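> Requesting a structural model of the entry that follows:
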Amino acid sequence: MQIILGVIAKSYKSFIYITALMFLFVFIFMLLGMNIYGGKFGTGDEVPRGNFDSPAIAFITVFQILTMENWQSVMFDSMVSDQNKYLTAIYYVAWIFL
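Residues are numbered from 1 along each chain as shown. Down below sits the predicted model:
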């Protein structure tokens, strides 16, 4: 147990860099999603829960896609929007594989 705790203590600093890099990618895809899909989800007053209209909701939506938790509903909403379907597919494939 002492060896395991020693290894964790030595490697925790590298987790900070990985976390910062992941946060940077989430931020980039959040801004990209807001630029591509901002205000284009939903019809009329009915806006889906996962959208890219505000930075806070966009961050949660990108994190939702990252964790693969109900990401299909967000993808279906983006496919129904008037955005280019190939651009939408590239966005989701790039974010999921990243």
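> Mind telling me which residue is nearest the centre of this protein?
Val62 (1.9 Å; C-alpha atoms, centre = their mean).
> That one contacts Val26, correct?
Yes. Using C-beta atoms under 8 Å, Val62 is in contact with Val26, at 5.4 Å. Backbone N, C-alpha and C define where each C-beta goes, glycine included.
> residue farthest from the centroid of this protein?
Gln2 (37.2 Å).
> Next up, the contacts around that residue.
Contact criterion C-beta atoms under 8 Å, 6 or more residues apart in numbering gives no residues in contact with Gln2.
> One more: Gly38?
Phe52, Asp53, Ala58.
> what's the answer for Ile36, then?
Counting by C-beta under 8 Å, 6+ apart, Ile36 has contacts Phe52, Gln83, Leu87, Thr88, Tyr91.
> Let's see the PyMOL selection covering just the buried ones among the residues you listed.
Here is the PyMOL selection string for the buried members of these, based on 16 or more other C-beta atoms under 10 Å:
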select buried, resi 52+88+91
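> Flag every buried residue along the least confident helix or strand in the chain by mean pLDDT.
Evaluated with mean pLDDT, DSSP states H and E, the helix-and-strand set of the chain has its lowest mean pLDDT in helix 71-80, which scores a mean of 88. Using 16+ other C-beta under 10 Å as the test for burial, helix 71-80 gives Trp71, Val74, Met75, Asp77, Ser78.
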